[in-house]
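In: quick one, structure for this:
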Amino acid sequence: METYFHSVRLDKDKCRGCTNCLKRCPTEAIRVRNGKAIIVKERCIDCGECIRVCPHHAKYANRDSLEQINNYKYKIALPAPALYGQFNNLDDVNIILNALPALGFDSVFEVSKAAELISEATRIYLTENNPKKPVISSACPAIVRLIRVCFPELVENILPITAPVDEAGRLAREKAMKITGLKAEEIGVFFISPCPAKITAIKEPIGIEKSHVDGAIAINDIYPVLLKAMEKHSEYDELKALHESGVIGISWATSGGEASGTLNDNALAADGIENCMKILEEVERGNLDSVDFIELNACQGGCVGGSLTSENPFIAKSRLMKLRKYSPISCNHLSAKKVPQELLCTEPIEARDDVMKLADNVTEAMARMNRMKELLTVFPGLDCGTCGTPSCRALAEDVVRGFTTEHDCVFRARQEIQEIDNNEELERLIPAPFRLED
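Out: Here you go, the predicted structure:
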């Protein structure tokens, strides 16, 4: 089976096997064995939920450090629009953009600029191409991976247009090559990322052969040093006018921003991985075929709710609304009224239905499915997680795949032992909420 790269990693020394992550993972990619969590990389979509809920900080994102920009002769920062909502009392985005060069970057290119181009390209695509409805945004890489793994029949609904961060990287590198005369490989393009899924999309892109971005630095890593640099660039007379995006571009940071940028009244937006899964289930059932466009964000509130941000997403959203209040609708436009070839995906977005397959042949798969049904009749159906899997069904699947045995279920083990020796003392070994009454 093809392996999956993922940026979410586990620090085993910090993990206590508490099962908090187990219950929140949307694709059931986590197990707890021998007192430690295990990430099943084929199922992981890098949504960052486990990072968010782990009380012991045992999950982290494998991202680049600020020092890594020094591996290039010319360094470009690509700030996500979510970055603008992280700072209190900020009334001019130019303060951030002028401070980034103080951290070692030679230039700055806003991802929100590229977002406005993607919004216009999406409007054209929806009008001119008569795509299968509903068209699902490709901007959130966690959602794209979720569809590939859990909703493979919806892959053809995914918008075949590149994400803003890749278009920003392409444009920024081309501009730098013209200005400096340097080769493409001598220029380092670094995204300031709000989430691990976007880091993964750089390392293992979907829809394009190779990302135009060289690395990603987490917002919460750069936040403290950027804050200090901003204090030195807070005087208006010292600021260069580097901010070149409007309401549409900045709005991509929050849920509904991309959908509103389509200027389509027949679009909807959902955020939070559980809500997104419910929407995808509705699409799968054919209940949303009349909707033109669906924007889905794995993180609550949109990118401002990413697990690598520093600020509460609701506070960040409020700040962004103030920042964009007097901005123009859009500052960036396509040169022609058609989708440029460079914005279209060059590689097919394929389903990963092999991840969920029980076996390679139908006969064996049916046999395992029947065995799962048998196991589910003897498992309690409590989905308590004490077995180290997120649900009774997941445990049954692990059993038929040969990863574990049915005796991992403490209730099943109790039943078998009591059938041999009806010992009431066994009852005290069961977790208190599930003990039988005397």
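In: determine the three-state secondary structure at Y60.
Out: Classification of Y60 by DSSP: H, G, I helix; E, B strand; the rest coil places it in strand.
In: brain fart, R9
Out: Recorded secondary structure, R9: strand (three-state DSSP).
In: what about it, how many neighbours?
Out: 14 (other C-beta atoms under 10 Å). (C-beta placed from N, C-alpha, C; glycine too.)
In: and it, how close does it get to E167?
Out: Per C-beta to C-beta, to the nearest Å, R9 is found 28 Å from E167.
In: just A394 next, same as before
Out: From A394 to E167 the distance is 38 Å (C-beta to C-beta).
In: more neighbours, those two?
Out: E167 (22 against 18).
In: and the more buried one, what element?
Out: Using DSSP states H and E, E167 maps to helix 164-180.
In: and that helix, what does it pack against?
Out: Judged by 3 or more C-beta pairs under 8 Å, 6 or more residues apart in numbering; DSSP states H and E, helix 164-180 is in contact with strand 74-79, strand 107-108, helix 111-128, strand 187-193, helix 196-203.
In: can you list those in CSV and add distance to G272, mean neighbour count and mean pLDDT?
Out: Output for the helices and strands packed on helix 164-180, formatted as CSV (distance: least, C-beta to C-beta, whole Å; neighbours: other C-beta atoms under 10 Å; pLDDT from 0 to 100):
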stretch, distance to G272, mean neighbour count, mean pLDDT
strand 74-79, 24, 25, 98
strand 107-108, 31, 20, 98
helix 111-128, 21, 23, 97
strand 187-193, 19, 27, 98
helix 196-203, 14, 26, 96
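In: any chance of these in JSON lines, plus distance to G48?
Out: Output for the helices and strands packed on helix 164-180, formatted as JSON lines (distance: least, C-beta to C-beta, whole Å):
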{"stretch": "strand 74-79", "distance to G48": "19"}
{"stretch": "strand 107-108", "distance to G48": "25"}
{"stretch": "helix 111-128", "distance to G48": "18"}
{"stretch": "strand 187-193", "distance to G48": "11"}
{"stretch": "helix 196-203", "distance to G48": "5"}
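In: and I294, which of those is closest to it?
Out: Relative to I294, the nearest member of the helices and strands packed on helix 164-180 by C-beta to C-beta is helix 111-128, separated by 11.6 Å.
In: only alpha carbons, please: show the closest one as PDB.
Out: Provided in PDB are the C-alpha atoms of helix 111-128 (Å, rounded to 0.1, in the frame of the first residue of the first chain):
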ATOM      1  CA  VAL A 111      -1.100  34.800   0.300                       C
ATOM      2  CA  SER A 112      -4.300  36.900   0.400                       C
ATOM      3  CA  LYS A 113      -3.200  38.400  -3.000                       C
ATOM      4  CA  ALA A 114      -3.200  35.000  -4.600                       C
ATOM      5  CA  ALA A 115      -6.500  34.200  -2.800                       C
ATOM      6  CA  GLU A 116      -8.200  37.000  -4.700                       C
ATOM      7  CA  LEU A 117      -6.900  35.500  -8.000                       C
ATOM      8  CA  ILE A 118      -8.200  32.000  -7.000                       C
ATOM      9  CA  SER A 119     -11.600  33.600  -6.100                       C
ATOM     10  CA  GLU A 120     -11.900  35.100  -9.500                       C
ATOM     11  CA  ALA A 121     -10.700  31.800 -11.200                       C
ATOM     12  CA  THR A 122     -13.300  29.900  -9.200                       C
ATOM     13  CA  ARG A 123     -16.100  32.300 -10.300                       C
ATOM     14  CA  ILE A 124     -15.100  31.700 -13.900                       C
ATOM     15  CA  TYR A 125     -14.800  28.000 -13.500                       C
ATOM     16  CA  LEU A 126     -18.300  27.700 -12.000                       C
ATOM     17  CA  THR A 127     -19.700  29.700 -14.800                       C
ATOM     18  CA  GLU A 128     -17.900  28.400 -17.800                       C
END
